[in-house]
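Visitor: structure for this input, please:
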Amino acid sequence: MKKINIGFNKIKKNPVVSQSLKTMFLRITGVVTLFGFSLFLTHNYDPKIIGQFDFIRMVLLVLSSICVLGTDQSILYFTGILKSRNEIQKLKTIYKKIVLLIFVLCLLVLIIFFVIGQNRIDLFFNDKSTYVLMAKAIFALFFYSITLFNTETIRALDKIYIAELFRNTFKYVSVIFGAIILFYYHQEAYLLDTFLIGFVALAIITTIIIFKLFKKHKDDIILQNETNSFTYSSIAHKSYPMAISNLAIFLMMTFDVVFLKKFKGDETVAYYAIVMKLVSILFMINNSVYISVSLKIAQLYTDNNKKELSKALQQSARMIVLLTVPVVLFVCLFSENILYFFGENYTQSKQALLILMVGQLFASFFGVSAIYLNMTGRQSIFQIVLIFAVVLNLILNIILIPVYSMTGAAIAFVSSLLFWNIITAIIVYKKDKLLIVFH
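Guide: Residues are numbered from 1 along each chain as shown. The predicted model follows:
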């Protein structure tokens, strides 16, 4: 008992460990909230409506990654620079410029959408309702994008836990309450509208929070020549490389949904979406390790400390595998029972779930190869690998989904996932002679 108390006190005294645990708790809370909401939907809503909801959710993820343009990550970079110069008050100017940049990109997406036109979209999806659904989503795109950007700006302004709550929990609150009310009044068809309207409210609330936080910093007069370094072009130049990796990953998670909707219908999208939510538990494990080790990799690489770097990479790989194996075994052993929990029809996605779980297990053996490239100045190499992975994913989805449905989608995703993990591990070994895989 004494040892436990000593260990607990050490955690409390270590701000990095303590913050990581609190962040992990908030993320787990978000996952639990999402699964609870998914259970409510699968037991009370038509799979067609759920499929439309999940389809639009993925469309928004991809489009927002284009419109936000990596500024949700670069705002942290700019904040770090300004803090080191003791010029944090200048962040307000950068923030306003990024908001305008996001607005212009969202407007451009809207124009392109109307140029494509209803006939082409209806023809592609073989469904006349898709155009209306996408139109609603694109009109809400600016508010959705601003919410994502604002969340990371709040984090940059040292309100980490508030940012995590918005990122993982608050964004579901309005749609959860809305879904319950709609079910009570038998108006389930308005689920997507409730979801989109919620982001209008979230965008306004997070913007108010940010400007209140800005007021806490001294509003010094900023001379024009002092802000020239933060032009629109410089902001975009620093931001867009950070967007490419996220966009590539989101595309790989969206192609399968798009082609399942096109060839198999909204119900199949709903069944597959539950599988992806289960697999997202493993993504959360990976991301938690990535966050904890990324700065250490950058520091050790800069110091040319290959011995400690190799040790850190192996520890990370072991941690990912040790955390992944129990989850994969549990889900695989009880896959049918878990899916039945969401509803009898959802057991149709059992094979896809097994493929994705086993594929993610194999991918875990490659450790933090992607993060290693990003943290050692090889972002462009990783982006090229991801582009090839996206092309592979697209081709496999087009070939496999019409024949094998959800199973084909799972095979396509796992193939592209293993492709970029294997290639990045080979690149790391050839360039730095570091064996990054678990062994």
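
Visitor: next secondary structure element downstream of the helix or strand that contains Tyr172?
Guide: Under the criterion of DSSP states H and E, Tyr172 resides in helix 171-184. Heading C-terminal from helix 171-184, the first helix or strand you meet, by DSSP H and E, is helix 191-215.

Visitor: need the residues that contact that next one.
Guide: 41, 45, 49, 52-53, 56-57, 91-92, 95, 133, 136-137, 139-140, 142-144, 146-147, 150-151, 153-154, 157, 159, 162, 166, 170-171, 173-175, 178-179, 182 (C-beta atoms under 8 Å, 6 or more residues apart in numbering). Bear in mind the C-beta positions are built from the backbone N, C-alpha and C, glycine included.

Visitor: restricted to buried residues, select those residues in ChimeraX.
Guide: The ChimeraX selection below is limited to those of those classed as buried (16 or more other C-beta atoms under 10 Å):
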select :41,45,49,52,53,56,57,91,92,95,133,136,137,140,142,143,144,146,147,150,151,153,154,157,159,162,166,170,171,173,174,175,178,179,182
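
Visitor: and the helix holding Tyr172, average pLDDT?
Guide: When pLDDT is averaged over helix 171-184, the result is 92.

Visitor: what angle separates that helix from helix 191-215?
Guide: In terms of direction (axes from the mean of the first three to the mean of the last three C-alpha atoms, to 10 degrees), helix 171-184 departs from helix 191-215 by 150 degrees.

Visitor: what helices or strands is helix 171-184 leaning on?
Guide: helix 15-44, helix 191-215 (3 or more C-beta pairs under 8 Å, 6 or more residues apart in numbering; DSSP states H and E).

Visitor: can you tell me which of the ones you listed is most buried?
Guide: helix 191-215 (a mean of 18; mean count of other C-beta atoms under 10 Å).

Visitor: after that helix comes which helix or strand?
Guide: helix 232-264.

Visitor: average pLDDT across that next one?
Guide: Helix 232-264 comes out at a mean pLDDT of 83.

Visitor: before we move on, what about stretch 103-119?
Guide: On average, stretch 103-119 scores 95.

Visitor: tell me the buried residues in it?
Guide: Applying 16+ other C-beta under 10 Å to stretch 103-119 flags Leu105, Cys106, Val109, Phe113 as buried.

Visitor: could you redo the residues you listed as CSV and give each row secondary structure?
Guide: Shown next, in CSV, are these (DSSP: H, G, I helix; E, B strand; the rest coil):
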residue, secondary structure
Leu105, helix
Cys106, helix
Val109, helix
Phe113, helix
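
Visitor: residue ranges with poor pLDDT in the stretch 301-439 of the chain?
Guide: For the stretch 301-439 of the chain, residues meeting the criterion pLDDT under 70 lie at 374-375, 377, 437-439.

Visitor: show me where it has helices.
Guide: Along the stretch 301-439 of the chain, the segments classed as helices by DSSP state H, counting those that start in this stretch run 306-333, 335-342, 350-364, 369-375, 379-432.

Visitor: enumerate every residue touching Asn286.
Guide: Here Asn286 is in contact with Ile320, Thr324, Ser364 (C-beta under 8 Å, 6+ apart).

Visitor: how near is the last one to Leu323?
Guide: The one in question is Ser364. Here the criterion is C-beta to C-beta, to the nearest Å. By it, Ser364 lies 8 Å from Leu323.

Visitor: name the residues contacting each of those two.
Guide: With the criterion set as C-beta under 8 Å, 6+ apart, the contacts of Ser364 and Leu323 do not overlap.

Visitor: coming back round to it: return the closest of the contacts of Asn286 with respect to Ile436.
Guide: Ile320 (11.3 Å; C-beta to C-beta).

Visitor: for that closest one, which non-adjacent residue is closest in space?
Guide: Nearest residue to Ile320 in three dimensions, chain neighbours excluded: Ser364, at 4.8 Å (C-beta to C-beta, 6 or more residues apart in numbering).

Visitor: Thr254 now?
Guide: In space, Thr254 is closest to Met58, 4.5 Å off (C-beta to C-beta, 6+ apart).

Visitor: can you give me every residue that contacts the one you found?
Guide: So Met58 contacts Phe250, Met253, Thr254, Val257, Val258 (C-beta under 8 Å, 6+ apart).

Visitor: between those residues, which is nearest Ile297?
Guide: Phe250 (23.9 Å).

Visitor: run a quick neighbour tally on the closest one.
Guide: 20 (other C-beta atoms under 10 Å).

Visitor: my read: it touches Val62, true?
Guide: Yes. With contact defined as C-beta atoms under 8 Å, Phe250 counts as touching Val62 (4.9 Å).

Visitor: could you dump the helices and strands packed on helix 171-184 to JSON lines with mean pLDDT and distance to Ala270?
Guide: Listed next are these as JSON lines, based on pLDDT from 0 to 100; distance: least, C-beta to C-beta, whole Å:
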{"stretch": "helix 15-44", "mean pLDDT": "75", "distance to Ala270": "8"}
{"stretch": "helix 191-215", "mean pLDDT": "94", "distance to Ala270": "12"}
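
Visitor: give me the number of residues near the residue nearest to Phe366 when sequence neighbours are not counted?
Guide: Excluding the flanking residues, the one nearest Phe366 by C-beta to C-beta, 6+ apart is Asn421, at 4.0 Å. Neighbourhood size, Asn421 [other C-beta under 10 Å]: 22.

Visitor: Lys307 now?
Guide: 8.

Visitor: and the strand or helix carrying Cys67, which residues are buried?
Guide: According to DSSP H and E, Cys67 maps onto helix 47-68. By neighbour count on 16+ other C-beta under 10 Å, the buried set for helix 47-68 is 47, 49-68.

Visitor: ok, the nearest residue to Leu373 once chain neighbours are set aside to Thr376 distance?
Guide: With sequence-adjacent residues excluded and distances taken as C-beta to C-beta, 6+ apart, Leu373 is closest to Phe382, at 4.2 Å. As judged by C-beta to C-beta, Phe382 and Thr376 stand 10 Å apart.

Visitor: check Tyr240 too.
Guide: Distance from Tyr240 to Thr376, by C-beta to C-beta: 20 Å.

Visitor: between the two, point out the one with more neighbours.
Guide: Between Tyr240 and Thr376, Thr376 has the larger neighbour count (other C-beta under 10 Å), namely 19 against 15.

Visitor: and the more buried one, how close does it get to Val368?
Guide: 11 Å.

Visitor: now Phe139
Guide: 39 Å.

Visitor: if we can go back for a sec, OK, contacts around the residue nearest to Ile320?
Guide: Leu282, Asn286, Ala317, Ile320, Val321, Thr324, Phe438.
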